[in-house]
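J.: Got a sequence here, can you model it:
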Amino acid sequence: MLDQRKLVVVSGPSGCGKDTVVKHLLALREDALLSVSCTTRPPRENEVYGVHYYFLGRDEFMLRVSENRMLEYTEYAGNLYGTPIDELERKLVGENIVILIIEVEGAKNVKTRYPDSLCVFIVPPSLEALRERLIMRGTESEEEIEKRLAIADRELRELNYYDYSIVNDDAVLCARRLSEIIDEWQNREEAQNDD
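T.: All right, here's what the predicted structure looks like:
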């Protein structure tokens, strides 16, 4: 059984900067490791298999699901995303905490299965700022950007499923706040276990 207190779920709309925030968090904390997710979407330029994602065909992805090799999975913008259990088991050793960057539905699934995990939502400063970030990223068409903004609007209504939310108007400061939240969560859980 996984130590739930060592699972940290980070979600947020596409383009909100959650990957950048987590990159800064990993630089701040020696005990934090990133769980690499599986996806059926094609890799973007400069994305590396096993570093950014495990890029799988839909059949291979669904085979892993049928073999109960995924902690959670969901479909987002027409592609499947999931957390491989073997990845977590490899990384959840010693004092390590494992960061999962997953979508809202996946986060809800993890929280249902592991209620003592920590779920944090990274909020963009505004939907207009999010639109600008998606445009600047240059990886999606205008139609895809509109689809992602509609999804973001729905996701922002799901904040009550999260333990914390942080507005990302500065990725470094956001990462520091996330690190503080992780410490608070760990200390709270340890105090409850001592009772």
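
J.: So which residues make contact with stretch 38-47?
T.: For stretch 38-47, the external contacting residues (C-beta atoms under 8 Å, 6 or more residues apart in numbering) are 49, 52-58, 61, 64, 70, 73, 77, 79-84, 139. C-betas here are computed from N, CA, C, even on glycine.

J.: Inside helices: which ones of those?
T.: Mapping these onto helices (DSSP state H) picks out Arg58, Phe61, Arg64.

J.: With pLDDT as extra columns, can I get the residues you listed in a markdown table?
T.: Shown next, in a markdown table, are the ones in helices among the contacts of stretch 38-47 (pLDDT from 0 to 100):
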| residue | pLDDT |
| --- | --- |
| Arg58 | 97 |
| Phe61 | 98 |
| Arg64 | 96 |
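
J.: Most neighbours of all those residues, which one?
T.: Across the ones in helices among the contacts of stretch 38-47, the neighbour count under other C-beta atoms under 10 Å reaches its highest value at Phe61, namely 21 neighbours.

J.: Just to check, Ala175 is in contact with Lys18?
T.: No: applying C-beta atoms under 8 Å as the test, Ala175 and Lys18 come out as separate, 10.3 Å apart.

J.: Strands along this structure, start to end?
T.: 7-11, 32-34, 38-39, 54-55, 70-76, 79-84, 97-101, 118-123, 164-167 (DSSP state E).

J.: Could you dump these into CSV with mean pLDDT, distance to Val22 and mean neighbour count added?
T.: Formatted as CSV, those follow (pLDDT from 0 to 100; distance: least, C-beta to C-beta, whole Å; neighbours: other C-beta atoms under 10 Å):
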stretch, mean pLDDT, distance to Val22, mean neighbour count
strand 7-11, 95, 6, 25
strand 32-34, 95, 6, 19
strand 38-39, 96, 16, 20
strand 54-55, 96, 17, 17
strand 70-76, 88, 17, 20
strand 79-84, 93, 14, 21
strand 97-101, 94, 6, 23
strand 118-123, 96, 9, 24
strand 164-167, 95, 12, 18
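
J.: how about JSON lines for these, with distance to Arg90 added?
T.: As requested, the strands of the chain are exported to JSON lines (distance: least, C-beta to C-beta, whole Å):
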{"stretch": "strand 7-11", "distance to Arg90": "14"}
{"stretch": "strand 32-34", "distance to Arg90": "9"}
{"stretch": "strand 38-39", "distance to Arg90": "14"}
{"stretch": "strand 54-55", "distance to Arg90": "13"}
{"stretch": "strand 70-76", "distance to Arg90": "13"}
{"stretch": "strand 79-84", "distance to Arg90": "9"}
{"stretch": "strand 97-101", "distance to Arg90": "9"}
{"stretch": "strand 118-123", "distance to Arg90": "20"}
{"stretch": "strand 164-167", "distance to Arg90": "27"}
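
J.: Looking at the ones you listed, which is nearest to Asn187?
T.: Comparing the strands of the chain against Asn187 with C-beta to C-beta, the closest turns out to be strand 118-123 (11.8 Å).

J.: and that closest one, what does it pack onto?
T.: With contacts defined as 3 or more C-beta pairs under 8 Å, 6 or more residues apart in numbering; DSSP states H and E, the packing partners of strand 118-123 are strand 7-11, helix 104-113, strand 164-167, helix 171-194.
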